[in-house]
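Engineer: Sequence and predicted structure below; questions after.
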Amino acid sequence: MIVADTSALVSLAVIDTLDTVLTEFEVHTTETVVAELEDTAEYDDRHGEAAQAVLDNRDDFETHEVTETLESSQIDRGEGSCALLTSQLEAEFLITDDLRALPELQTASDAEVAISPIVLKALVKREVLGTEEARENVDRLAERRSWLGQPIYARAKELFE
């Protein structure tokens, strides 16, 4: 079971792998994340289009209300709601693309916290994606999410070395 935040869902949608992920994994998120996706979908850019693609697939993932809050200088409301949800559901993974929040999320959650390309690696292990296709998706993700030259891109590439 995966709990995914806004950034991770947008990343998976921006490289057109969301349908595959939703088919292969039990994906959960929070109403807070859905509200963030609705806000992002208002933008007339690839991130807005990706957020709308996630919203268009709402029947394929489960959304939960989380009434508690967890926020800090590193963790926003959406990420915090997902960290709390992982504990409620006893989820194995919390997927986020916020590297700044990742260490603090790891301490706030019982789940393993990872960046969205870990899902691509899992798809390779399940033989749903080939390794080369996954690497190409990481490169496309870096280009489309402005990760080129960023630590998140280096970490994503390390997953496939």
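Structural biologist: The structure has been received and is ready for your questions.
Engineer: helices or strands next to the helix or strand of the chain with the lowest mean pLDDT in the packing?
Structural biologist: Ranking every helix and strand in the chain by mean pLDDT, DSSP states H and E puts helix 102-108 at the bottom, with a mean of 93. Identification of packing neighbours for helix 102-108 by 3 or more Cβ pairs under 8 Å, 6 or more residues apart in numbering; DSSP states H and E yields helix 77-89, strand 112-114. Any C-beta I mention is one placed from the backbone N, CA and C, and that applies to glycine too.
Engineer: can you rerun that using 6 Å?
Structural biologist: Judged by 3 or more Cβ pairs under 6 Å, 6 or more residues apart in numbering; DSSP states H and E, the packing partners of helix 102-108 are strand 112-114.
Engineer: who does the strand it packs on pair up with?
Structural biologist: strand 93-95 (parallel) (DSSP bridges).
Engineer: Contacts for the strand it pairs with next, please.
Structural biologist: The contact list for strand 93-95 (Cβ atoms under 6 Å, 6 or more residues apart in numbering) reads 2-4, 8, 82, 86, 109, 111-113, 116.
Engineer: mean confidence for that strand?
Structural biologist: Averaging pLDDT along strand 93-95 gives 97.
Engineer: Please apply the same query to stretch 62-82.
Structural biologist: 94.
Engineer: same thing with stretch 43-50?
Structural biologist: The pLDDT scores in stretch 43-50 average 96.
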